[in-house]
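Visitor: whatever this is, show me its structure:
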Amino acid sequence: MAYQGPWSDTYIETQYLKWKDNPEQVDKDWQFFFQGFELGFSGTGIASAPDISKMAVKQSRVEALIYRYRDLGHLLACLDPLEACPTDHPLLNIKAFDLTHDDLDKEFFAPGLAFDRKMKLKDILTHLKETYCHSVGVEYMHLQDPDEREWLQNRLESQKTRSGIPVEEKLRILNKLCQAKRFESYVNKKYLGQKRFSVEGSEVIIPLIDRLFNHAVDKGCQEIVLGMSHRGRLNVQVNNLNKSYEDIFREFEGQYNPEGEFGTGDVKYHKGFQGTFTARNGKQIQAIMANNPSHLESVNPVVEGMARARQDIKQLDNPFLILPVLLHGDAAFAGQGIVTETMNMSQLDGYKTGGTIHIIVNNQIGYTTLPQDARSTRYSTDNAKSQMVPIFHVHGEDPEAVMQTIDLAVDYRMKFAKDVVIDVVCYRLYGHNEGDEPYFTQPAMYERIRSRVSIDQIYGNKLVDENILKPEDIDKINSDIDECLDMAFTNTKTEKPAPSPRPASKNLTDIPDVHTAVDKAFLISLARKINHIPEGFRINAKLEKLLDKRLEAFETGTGIDWGNGEALAFATILAQGVSVRLSGEDSQRGTFSHRHSVLFDTETDDTLIPLANIGNKQGIFYSINSPLSEAGVLGFEYGYSITRPDCLTLWEAQFGDFVNNAQVVLDQYVVSGETKWQSKSGLVLLLPHGYEGMGPEHSSARLERFLQLCADNNIQVSNPTTPAQIFHLLRRQTVGKILKPLIILTPKSLLRHPMAVSELTDFTESDFLPVIDDLNSGKNTKKVVFVSGKLYYELLNEKDTKKADHIQLVRIEQLYPFPLKQIEEIVQKYKRCKTWIWAQEEPENQGGWHFIALNFKKYLSMDLEYIGRKASPSPSTGYLAEFKKEQEKIIKDAISGS
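Guide: Below you'll find the predicted structure:
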């Protein structure tokens, strides 16, 4: 029973008498409570009710004390290497429970503790303090699953957990600590002043990761996907992932290998690495460190996506044998919202990876900012409590406690398939980087740090005191490491760099021409399958009508709408054995109710996914409603896409306007990952875009920002206007095996526009058209209006109304790579034309205008006239009347005149 406050003797006596009369008259807790007393006093005579009540009051206080230590014992834990250990806390003092020193030698029941049922209070306290108040502080009583709490409680309080570490493991710990320290010292000596973001002060991270990998292998894990920021990254690559010293030194030397690299590259402490880890039992596993920019924590969802993709590829009986591990800084873990976005996905079917091991490298500072200025809570990990995961705080200079903690964390993850957080409290030997002066802002803190002995020396001395090693043995360990470093350094100076182990083209490839048309009979057969509802499955009457209409369109060969074209694109891709993964907010139905990839039985809520039932050898169709997150989900899908080039991976924004919530993922990964890290992605972004009078937040996917980021054929940007175009565009991405991110501005009103439909022949006899020129001989054309997106249909309607046959509308469906060849053909066709216009809905400083104008000027020496909204800091007006006025002006200006 948890302590609720001091109970009166009268109350407890009343409860006891009720129980004696009939146990069912009191709560279950009281039943067990009094049963325990009767059992404990059996053979000693029956105690009177008053005696029982007095003993029960004391017992209840002891139980409350036990509960309090389990809940808040971490407040007395010795965690900080820079501070004295706490000796008392008012919430954990026996006085807080109306217990006195006279009670210390009295015996009480200690339910749950792994000792005899009755213990002296002083022994109970000793056991609790050793468990919860030593070098590890644990937070787990917030967990709502009683099985998890009981399991952790038993493990924490058992003798097994408290047993010592074998000698061979102690030697391994020391060796890893020495490797970590000697590497940092050597690099500091040879490359003085170069940034490396030293691990010094938190060297225990190296044996921690080593132990984590080993224990994960013992538990059957087959691969590990690791994400971390720059602090200690090079050390982890060398001492945990087996990257050679030579490779690291070449990066410090600034050597460039033209045979194996292309693009702009990146600094050494951002690059990823894939290594082979050999465990102590001889087994080998792959350990992959993800590429990571300086945007702290942004790699979190990327790692989860990579891990989930590897799980899906292997299709293991237990997919969670692929283990994601994330290392965080304390300030970033508390301060960056992407942490919470990522952890929130951990138990969702579309995103879960079986639990992640989170390790906080808590050096108690963020650049120059102290914890009291960086967070509003006691611990940097407090935000993680909302995810119902256990949190372990551990002293960074007690390596053995760290090792026992990581074992427990891995065991918990493997049993419950949930995240777990380890907060390693340590310090940072230098400033933010090796050239930074920390004494400017933390003089007292760094005076304490300067006086400290490094952890390899502390632990080495401990092993000497335990007669495990002699001082000369430690000297030999260090000299052997130094010898390896010297040899590697010499090799770096004398040898040419080896070719890159990863195949890479020297130039970013052009997007190839791909034939994407599909056989008519095959297409119709697929249309019948995906629009078929099995007998007994009851769907909404409106949906039934929609599916009938879709099938009829293919049967008759006319009136095929957007949702139909998209669904058939997915069907043809799946039929070829290629999997399709589509996720986003409301993506199963579609924000605008056009997709309906998942159907629901109107009576049972059972689901039916037609695209999952088109053939025995089809690819897997994943249709996922995402949480309300852009950065987290897009990061996840990017990680998935770089790991599964065999899968068409799509992320859909609810409205394109919201994509800027994920701007970091776009800038640092999607558009630049290939040139920085040779990381290829075929990720598709579906961004609803178009001016419908819905105001500034529901109009624009910020086309201009994507176009500004285009260079070296890094991405594709398209604004298709027909169902056949989206069909061919999606097929081109898979048939052509194009590993370039594809940004598609998708329509809203065009989803049901009577003119925005395609014929069956558009699917069976054509391919994707980067530029669409309406049928016209060109002889009488006096004005050419280039346009992109749904504005075309408004201009076409005005043109037909005005019978303006002298005006030619040309749709640029692919904005990047700029379709120069097709544009040149258009210019040549209408070479007698004197008026050339670019028309757009967006303001002049937004949309495609500046990109289009620049390319026409650069490649064609042409100056286009601009028609569109005037420059504005906001994408659109919020006043419907003003919007209509602006839209009418754009249409009239584009079509009127000669």
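Visitor: going by C-alpha atoms from here, please, whenever you check contacts or count neighbours.
Guide: Noted.
Visitor: quick one: the strands in the stretch 401-550 of the chain?
Guide: Assigned by DSSP state E, counting those that start in this stretch, the stretch 401-550 of the chain shows strands spanning 420-425.
Visitor: all strands for the stretch 551-700 of the chain, in order.
Guide: In the stretch 551-700 of the chain, the strands defined using DSSP E, counting those that start in this stretch lie at 579-584, 599-600, 607-608, 621-625, 647-652, 684-688.
Visitor: same deal with the stretch 1-150 of the chain?
Guide: With DSSP E, counting those that start in this stretch, the ranges of strands along the stretch 1-150 of the chain come out as 107-109, 118-120, 136-139.
Visitor: what does stretch 873-891 contact?
Guide: Here stretch 873-891 makes contact (Cα atoms under 8 Å, 6 or more residues apart in numbering) with 691, 693-697, 699-700, 794-795, 798, 839-843, 846, 867-869.
Visitor: ok, and the closest non-adjacent residue to the spatially most central residue of the chain?
Guide: By Cα atoms, centre = their mean, the mean C-alpha position of the chain lies nearest to Pro301, the distance being 0.7 Å. Of all residues not flanking Pro301 in the chain, Phe636 sits nearest, at 4.5 Å (Cα to Cα, 6 or more residues apart in numbering).
Visitor: just checking, that neighbour touches Val302?
Guide: Yes - assessed by Cα atoms under 8 Å, Phe636 is found in contact with Val302 at 4.7 Å.
Visitor: how is this structure divided into domains?
Guide: Per automatic domain parsing, the structural domains of the chain span 9-134, 170-494, 520-764, 771-895.
Visitor: Arg149 is nearest to which of these?
Guide: Arg149 lies closest to domain 170-494 among the domains of the chain, at 9.0 Å (Cα to Cα).
Visitor: redo the strands of the stretch 1-150 of the chain as TSV? Include distance to Tyr367.
Guide: Shown next, in TSV, are these (distance: least, Cα to Cα, whole Å):
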stretch	distance to Tyr367
strand 107-109	50
strand 118-120	48
strand 136-139	26
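Visitor: which one of these is the most hemmed in?
Guide: Among the strands of the stretch 1-150 of the chain, strand 136-139 has the highest mean neighbour count (mean count of other Cα atoms under 10 Å), at a mean of 25.
Visitor: partner strands of that strand, parallel or antiparallel?
Guide: strand 391-395 (antiparallel) (DSSP bridges).
Visitor: what's the mean pLDDT across the strand it pairs with?
Guide: On average, the pLDDT along strand 391-395 is 98.
Visitor: got the angle for that strand vs strand 420-425?
Guide: Put simply, strand 391-395 runs at 20 degrees to strand 420-425, going by axes from the mean of the first three to the mean of the last three Cα atoms, to 10 degrees.
Visitor: contacts for strand 391-395?
Guide: 74, 78-81, 135-140, 381, 385, 401-402, 405, 420-426.
Visitor: could I get the buried residue list for stretch 289-300?
Guide: Buried residues in stretch 289-300, counted by 16 or more other Cα atoms under 10 Å: Met289, Ala290, Asn291, Asn292, Pro293, Leu296, Glu297, Ser298, Val299, Asn300.
Visitor: before we move on, the earlier item: redo the strands of the stretch 1-150 of the chain as CSV? Include mean pLDDT and distance to Phe183.
Guide: Formatted as CSV, the strands of the stretch 1-150 of the chain follow (pLDDT from 0 to 100; distance: least, Cα to Cα, whole Å):
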stretch, mean pLDDT, distance to Phe183
strand 107-109, 91, 53
strand 118-120, 90, 50
strand 136-139, 98, 28
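Visitor: mind checking which of the ones you listed is nearest Asp482?
Guide: Smallest distance to Asp482 across the strands of the stretch 1-150 of the chain (Cα to Cα): 33.4 Å, for strand 136-139.
Visitor: identify the residues contacting the closest one?
Guide: With contact meaning Cα under 8 Å, 6+ apart, strand 136-139 is reached by 70-79, 132, 390-395, 401, 405.
Visitor: keeping just the C-alphas, turn that strand into CSV.
Guide: Output of strand 136-139 as CSV, limited to C-alpha atoms (Å, rounded to 0.1, in the frame of the first residue of the first chain):
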residue,chain,number,x,y,z
VAL,A,136,22.5,4.9,-10.1
GLY,A,137,19.2,6.8,-9.6
VAL,A,138,16.1,5.2,-11.2
GLU,A,139,12.8,6.7,-12.2
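Visitor: centre of the chain versus it, how much separation?
Guide: When C-alpha coordinates are averaged (Cα atoms, centre = their mean, to the nearest Å), strand 136-139 and its chain have centres 26 Å apart.
Visitor: now swap in stretch 554-567 and tell me
Guide: Offset of stretch 554-567 from its chain centre (Cα atoms, centre = their mean): 36 Å.
Visitor: what about it, average pLDDT?
Guide: Mean predicted lDDT for stretch 554-567 stands at 95.
Visitor: can you point out the buried residues in it?
Guide: Residues of stretch 554-567 classed as buried: Phe554, Gly557, Gly559, Ile560, Asp561, Trp562, Gly563, Asn564, Gly565, Glu566, Ala567 (neighbour count, 16+ other Cα under 10 Å).
Visitor: likewise stretch 390-409?
Guide: Within stretch 390-409, judged by 16+ other Cα under 10 Å, the buried ones are 390-409.
Visitor: what's the end-to-end length of that stretch?
Guide: In stretch 390-409, first residue to last residue: 9 Å (Cα to Cα, to the nearest Å).
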